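> sequence plus the predicted model coming up.
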Amino acid sequence: MRTGPPERDNVIKSLDDKGIAAADIARQIGVCRQRATQLLKRVRAQPAIDARHTAFNEMPLDQWLDQSFADMLWLTQRTRNALCNKEGLHTPRHLLTITEAEMLRIPNFGKKSLQELRCMMAARGLKIGQDADLSI
């Protein structure tokens, strides 16, 4: 069975645990309803999520926002490289100040990398491009 990005699985699992319907999960992670249903079935069939990702979810938000992308080993190598090579974009906190369109202009950063970051941010209740003035 093929597995997806762990952060997406974390988001799906947490939304499922809250009793949220597949259609709402689909909207939250940016996929069609049919794909969300497939992902939901796969996540429900998986054993408990890796401890590394559990620690990621339990990290305080202010600490997580300042963590370097280079240290985020759950991101794919392509996404990490693209983010680390972009000047002025070093932590998730920087994602709050940049739009998705600007992200897609980063060399070697495409729709899959963007989707991966959307899921990562959604797992923490954040969105790419949202206001940088968070009250943490």
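Thanks, I have the structure now.

> switch to C-alpha atoms for all contacts and neighbour counts from now on
Fine.

> low-confidence ranges in this protein?
1-7, 44-57, 131-136 (pLDDT under 70).

> now the helices for it?
With DSSP state H as the criterion, the chain has helices at 6-17, 22-29, 33-45, 51-58, 61-65, 77-85, 92-95, 100-104, 111-123.

> okay, the ones you listed in CSV with mean neighbour count and distance to G129 next?
Shown next, in CSV, are the helices of the chain (neighbours: other CA atoms under 10 Å; distance: least, CA to CA, whole Å):
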stretch, mean neighbour count, distance to G129
helix 6-17, 20, 19
helix 22-29, 17, 15
helix 33-45, 16, 24
helix 51-58, 13, 21
helix 61-65, 14, 14
helix 77-85, 17, 15
helix 92-95, 19, 6
helix 100-104, 14, 7
helix 111-123, 19, 10
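
> which of those sits closest to D71?
helix 77-85 (8.9 Å; CA to CA).

> mind checking which of the helices of the chain is nearest Q130?
Nearest to Q130, of the helices of the chain and by CA to CA, is helix 92-95 at 8.2 Å.

> now stretch 89-96, how far from the centre of its chain.
Per CA atoms, centre = their mean, to the nearest Å, the displacement of stretch 89-96 from the mean C-alpha position of its chain is 13 Å.

> per-domain residue ranges of the protein.
Here the domain parsing of the chain from automatic domain parsing is 6-51, 59-123.

> with distance to Q130 as added columns, please give these in a markdown table.
Output for the domains of the chain, formatted as a markdown table (distance: least, CA to CA, whole Å):
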| stretch | distance to Q130 |
| --- | --- |
| domain 6-51 | 15 |
| domain 59-123 | 5 |
